[in-house]
Structure formats: structure tokens, C-alpha cells
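Undergrad: sequence and computational prediction follow.
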Amino acid sequence: MSENRRKKSKQRRILRFLKPYALLICLTAVLLGSFSVFADSPEAASEQSREADQVTDTGKTVRVGWYESKFHHMDKYGRRSGYGYEFQRKVAAYTGWNYEYVDGTWPELFEKLQKGEIDLLTDVSYLEERTKKILYTSLPMGSESYYIFTSVNNSEITADNTNSLKGKHVGVDKGSIQSGMFRDWAKMHGIEVDLMELSVSQEKAMQMLMDGEMDAYVMLDSFGDPEKIVPVWKVGSSDFFFGVNKNRPDLLEELDNALSKIQDENVNYSQQLYDKYLTTPGTSYYLNSEELKWLSDHGKIRIGYQDNYLAFCALDESTGGLTGALKDYLAYASSGLGNALLDFEPVCYSTSSEALEALKKGEIDCVFPANLSDYDAEEMDLVVTAPLMQTEMDAVVRADEQKEFIRKSDITVAVNEGNTNYEIFLEDHFPGWKTAYFKDTPAGLDAVAAGDADCVIISNYRFSNISKQCEKLHLTTVYTGVDMDYCIAIREGESVLYSILSKVIRVVPESVTNSALTYYSTEDMKIGFLDFVKDHLMVILLSFILIILVILALLIRSIRAERKVDEEHHLVVDLNKKVFVDPLTNVRNKGAFNEYVQKLQKQLDKTGKVDFAMGMLDCDNLKKINDEYGHDKGDVYLKGASRLICHVFRHSPVFRIGGDEFAVIIENEDYRNMEGVIKSFYRRRKEICSLAENEWDEVHISLGIAVYDADVDQNLQDTIRRADKIMYENKKIGKNHFKKAYR
């Protein structure tokens, strides 16, 4: 081992020794680095597999319809995806089917299904008359809704006036369920239109709508492009199924069995596929004309919020504006709708009671957070939206009573004055608890510590705000087993605003609210950490000094041990070289060869197949050189032979197994390029001989190669013997010839 390698090895061992202390060292360094900044510390794709499309030799081959849509989509790389495609692959996992995909539009493929030209089709809605022509699965693939869409440039058809559709050209897929739905809808509204039954692809229909060849088109709410078309009216909804050819009841039985197993595996499978592939900005993400008019007339939406209620909301003293998860929520919601920008005006109130009172007086339009049951809201002439956020509710209790708290029957809970949300929460979930009112949460915590109350109820996202006080008072938390929904409260009768806010709530992903709540729940922890350092500065310094002294002592001890290990290692290396390395040529010797062969034999016995060949080599003129020029020139000759062999067989182990004999176990790249390696051997041998100035500088080596063959060789010794025999045959043939003995 070279000096550099020994140094690197020593460094790696020292690093391994220090690794258990790394976290402690880093933490201590951070603590020391923070001493000077207590008041102003800063804040801190490969191509996918196409195996799903390949037909295997097992299982039935099922001809399935493929129509380009969100059910069946092929990207520019030829990779398939979509609701129907993924569902089919799930079915195949239980049935072992192989699919043969047949292209076409959905109406064309439905015709093929009836004629028996395909076996299976996805997204087939149930109609009684269809049961005479096709088979339906017992369980649906999912459920879908159908809407009338118009171009974004169409100003004649408006959602607030169904008569604006009269006399217009309306397209619908021929033979589809939405065709019947639209007829019923039009009849109910007394509307006559020019109905165009189409047998074209969705892409073609979209283009016709954009080009003005038709004024409206009836289709799934998930198939539209919100940048080009907008939904106007919903005409109906239905379940959709796999359709099976009438002559393939065998497939239907297997398919029904697979669908049953899929439902047992995951009852929400269809909904998850719908969310993945079909959920798009549909009617839920667009304001209708009435909502747009209300927004235009009303202007800003004034939303009242409760102060000092992080991580949810609070007044930012540095900016005078809103902070907390509500701030991030409103920022996302303001531009989340497809056809409108919302302008929210947050208004701060000390308590939720004050905010609700301002709402009743009309000073603001809505309030957050509101945790009102439908009954409570009705009593206050309010309505509440679906939840914007949800939180786990914990009870802050005395640490020595943590285990016994849940079993207590007589509990007094400290409640902030004016906190309507918690009052209603207790009435709904813990009606037997008594309440004691305090000015604020810190006062309530003091009461718990003093025994004047048993607990304070708090959101798990807000615990960081009180963690330091809880630590000082020896308080801890217990999960109540109940979660609280935080909604927006609106005055009764404000139906248009309610509709707008309901759409806003559907627009904002849960990931936005969860990330915001997590972020703002840790804001106060930064200050708490610095306070902890200040309070325990002397202890931390002494601990740091002690840790450094211990590490230095252990490091010195380790270095001494390393020296001893290095000395022993050098002895082992020298011994190994003597045992396994030929001292003259520095290649491995016969002992190493025997050991390598034994390991290779064990591998063969275990796996039954290893790709390698055995090469045997013999130096032709060694005896003559030794006799005529002396053994020192013979050594030069052997070294030259070793260099030639190692140069040619550079990816294989080389051994000197006798005075003038060498062996090579041909593996890896040498094995895969056997022809090229052999040619290189003879070319290199010829070049050396032609350039040699002395006879002992020439290299005359005979070579024999035998590829291991399990049908011929019972073991590796048979391969060695064959290679040795071929080598002697080549020696007899002459210097410039070689007998091939490999396959």
C-alpha cells in the first residue's frame, strides 16, 4: 500500500471514529455561534418502462378499445396512461390478461364492441337498450358528470339565461348517454336546438367548437380545456362501466371477479383515479355570470379574523397586516379561480366574538375561524362553509396527571373570555366539563398549574406559542381524540358570496394549508430556542468544554491505536505478498491460482453458470536463454513475458504457476471480446520480437484457451486440462499460428 493510500485509510478510520460525536459537535458549534446574534438571528427525470404494452406468452389476449382522451393517452414517447388504461392494468394484475389495443373514436369503438371486433371498452354508461347488445360489469368503474360547454369567445350563450341556447348548433357524441341527457334537459327547459350527433374524436370536437362549426358541445366536465372552453350548464350524471362483447361472458366473469378484488383492496380506488386523471378546472373553478356581477359590484371581500391566534391568524405588528396560515391561504385563493381575481381585505379583531358581532352588523362580509354547528349558526343567523383547515385538539394538563387525566370524571377547563369557538367545541364534544373563564391563554395555563383548572384546550398547531410557559409550569399535552374544523362564517341570505367562497375552498389544495400551518406553528420556536440558550448559557459552555476535552483524549488514544494497527497491517500485507504474489514478476502465484480456482468452482456449484475461459501460457525459449546467457537474463525474459500477458489480458487475473508457465482466468471485457484479445496478443508479441535488440528481450509465448462448457467439463480442472492441451498443440504448430479452442 502506498504512503498516500495509508494516509487516506487512516483518515477514513478517524472519521468513522468521530461519526458518533458529529451531531453533538455540530449542535455545540451552533449554540456557540448563536451567542452573538440573540436579538437578530437570520432564518434558514429517464425514460419510463413500456412493459405494460408488451404482450407476454401467458394469459388471454383481450382486444380493448383505445380512444385518445384522459381515459387513454399516449405521450410523444409512446408511453400509455389514463384512467381507463391504469384501471385495465389493475384488472390484468388479477386476471393475467394481455391487451391488444385497437384505435378509434369512442363511437367507432362502441360499434366495434357490438360487432365483436373488440372485446372490451371503458367508460360505457348504462342504458337499458344497450344491455341487448353488450354486457356490463356488475360494479362500475366510477361516476361522471356531463356539462354543456361553449368557447371562451362565445358571448351569446350565458349561464344566467338558458334561452340563449335556443336555435344554436349543439354537438353531442352519437349514441352516447349524454345525448339522451341533453334531450331531457332541453325538453325540461323548453329549448329547441340544432343537435349535431358526432362520431369524431374529442380533439376534433374541441376544434369544431373553437372554429365556430358548433356553438356548444355536451361532454364530461373533466375533458375540457379551461383556456379554450367553459362549462355553462350541467345536464346530468351517471355511473360508467366496462363494456364487454356479448359473445365473451368468460371475460365478464373474470372481470367481475377482478373488480370485486380491487374494491376489497382499496374501496377508494375509483375516486383516486378520478382525482388523478379527471379532476380539472371544471364548473367548480369558474364563477358564473351572477357571481362575476356580484364581485364587480361589491369589490373587496372583507374577512374578519381573530388576533393572536397563530398558526392560523394574527396581526403582524411589524407590518400592520395579516400573518399566519390564513395569509397564505388567501394569497393562493385570490388567483385560484379560472376566470376571476379576488381581492380580500383582512380585518383584525381581538376575539372571535368581536368578529362575529361585526359580521352581524355588516361591517365585514365573513369571519375566520368559525367553528359553529349548523344549529349554532342558525341561532346566530349565520351559515358556515366547508372547512378551510383542520386541527388536532389537545388538552394542556399538569405533567404528573398526564396518565390519569383521560379517566377523570370531574374536569374544569380554562377558557379564554370571548372565545366562541372553544365554548361551542366543549358543548359539542365535552358537555360534562365545567368552564372557568380567564383573560387569555397564559392566564389559563397559570390556573392549571395552580390547580384552579384541570386543563386548557388548544390546537396542536398553537402549542409552540405556549411551549416555554408549559415547560416552566411543568405542563404537558394529552390528545382529546377530537379534531376541530375551522370554517368561514357568512350572514344568512348572502348566497352568492357563499357560492364564491365554496368554490375558493375547493380551489386551494390541502398541501397549501398544511405547509402554512406547519410553517407558522414553528415561528415562535426560534425565539424559544434562543431564550433557552440565554437561560442556560453557563451550563452549555461548561458542557462544551468538557465534550472537547473528552473528544481530544479519545482522539489521542485512537491515533495511538491507529499506529499499532498500521504496523500490524504492514506485516499482514508483506506476509500476503510472500504467500500469494510471485516475487519476480509481481503477478499472483500458484497458491493464489489454486485459491481463485476453488472460489470459482464454488460459484459454479452454486449458480450453475459463470462466463469465463481458462488461458494457459508457456514461455518457449526460457531454458535456452538461461543456458546461454545466464539466469539473470532469463529473469528479464520472464518479466517481459509477464508484462505482455498483463497488457493484453488487462481485465482478467494473471498468475505465474511454474518456472515458465502462466495462467489467465479470462473474465469480464476480455471474455466478451475474446477474438480481439487474442489478435492483440499475437500482434503485441510480434511487435516486441521485432524491436528487441537481444534474444532475452524477445517474447515467445504459446497460448491455449478453453471456454468453460458445462456439457463438456465436469469441473474446472477439466477446463484447465483442455486449455493446457490446446496450448501444447499450438506450441507444436509454431510461433505464428493458433488453434481456436473456444465457442
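TA: Done, it's in.
Undergrad: could you report the neighbour count for the nearest residue to K90 once chain neighbours are set aside?
TA: Spatially, and ignoring its direct neighbours in sequence, K90 is nearest to I262 (5.7 Å; Cβ to Cβ, 6 or more residues apart in numbering). C-beta: built from backbone N, CA, C; applies to glycine. By the criterion of other Cβ atoms under 10 Å, I262 has 18 neighbours.
Undergrad: state the pLDDT value of I262.
TA: Note for I262: predicted pLDDT of 94.
Undergrad: how about the contacts made by it?
TA: Residues in contact with I262 (Cβ atoms under 8 Å, 6 or more residues apart in numbering) are 90-91, 94, 269.
Undergrad: secondary structure element for it, which one?
TA: helix 249-265 (DSSP states H and E).
Undergrad: buried residues, that helix. List them.
TA: Going by neighbour count (16 or more other Cβ atoms under 10 Å), the buried part of helix 249-265 is 251-252, 254-256, 258-259, 262.
Undergrad: for these, give me TSV that also has distance to Y461.
TA: Putting these into TSV (distance: Cβ to Cβ, whole Å) gives the following:
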residue	distance to Y461
L251	52
L252	51
E254	49
L255	47
D256	46
A258	43
L259	41
I262	37
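Undergrad: W233: which of those is nearest?
TA: L259 (32.6 Å; Cβ to Cβ).
Undergrad: just checking, the closest one touches S138?
TA: Yes. With contacts counted by Cβ atoms under 8 Å, L259 reaches S138, the gap being 7.3 Å.
Undergrad: and stretch 99-110, end to end?
TA: End-to-end distance of stretch 99-110 (Cα to Cα, to the nearest Å): 17 Å.
Undergrad: what are the ranges of the strands in the stretch 551-700 of the chain?
TA: 613-619, 654-656, 661-666 (DSSP state E, counting those that start in this stretch).
Undergrad: switch these over to JSON lines; also include mean pLDDT.
TA: Listed next are these as JSON lines, based on pLDDT from 0 to 100:
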{"stretch": "strand 613-619", "mean pLDDT": "93"}
{"stretch": "strand 654-656", "mean pLDDT": "94"}
{"stretch": "strand 661-666", "mean pLDDT": "94"}
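Undergrad: okay, these in TSV with distance to K60 and mean neighbour count next?
TA: As requested, the strands of the stretch 551-700 of the chain are exported to TSV (distance: least, Cβ to Cβ, whole Å; neighbours: other Cβ atoms under 10 Å):
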stretch	distance to K60	mean neighbour count
strand 613-619	45	25
strand 654-656	56	24
strand 661-666	47	24
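Undergrad: go through these and name the closest to M380.
TA: Ranking the strands of the stretch 551-700 of the chain by proximity to M380 (Cβ to Cβ) places strand 661-666 first, at 88.2 Å.
Undergrad: what packs against the closest one?
TA: helix 590-607, strand 613-619, helix 631-648, strand 654-656 (3 or more Cβ pairs under 8 Å, 6 or more residues apart in numbering; DSSP states H and E).
Undergrad: ok, S138 touching N257?
TA: No. Using Cβ under 8 Å, S138 is not in contact with N257, being 9.8 Å away.
Undergrad: and stretch 193-201, average pLDDT?
TA: According to the model, stretch 193-201 has a mean pLDDT of 91.
Undergrad: same check, this time on stretch 628-639
TA: Average pLDDT, stretch 628-639: 91.
Undergrad: show me which positions of that stretch end up buried.
TA: Residues 633-638 are the ones in stretch 628-639 that count as buried (16+ other Cβ under 10 Å).
Undergrad: of those residues, which is the nearest to S690?
TA: Using Cβ to Cβ, the buried residues of stretch 628-639 come closest to S690 at Y637, 16.3 Å.
Undergrad: leaving aside the residues adjacent along the chain, what's closest to the closest one?
TA: W696 (4.7 Å).
Undergrad: what residues are up against that neighbour?
TA: Listed by Cβ under 8 Å, 6+ apart, the contact set of W696 reads 625, 629, 633-634, 636-637, 640.
Undergrad: what's the most distant pair in those?
TA: Spatially, the most separated pair among the contacts of W696 is Y629 and G640, at 13.5 Å (Cβ to Cβ).
Undergrad: how about the helices in the stretch 201-350 of the chain?
TA: 202-211, 249-265, 269-273, 289-298, 325-333 (DSSP state H, counting those that start in this stretch).
Undergrad: avg pLDDT for the shortest one?
TA: This predicted structure assigns helix 269-273 an average pLDDT of 89.
Undergrad: now do it: distance to the chain's middle.
TA: Relative to its parent chain, helix 269-273 has a centroid offset of 18 Å by Cα atoms, centre = their mean, to the nearest Å.
Undergrad: report all helices and strands that it contacts.
TA: Applying 3+ Cβ pairs under 8 Å, 6+ apart, we find helix 269-273 packed against helix 83-95, strand 142-151.
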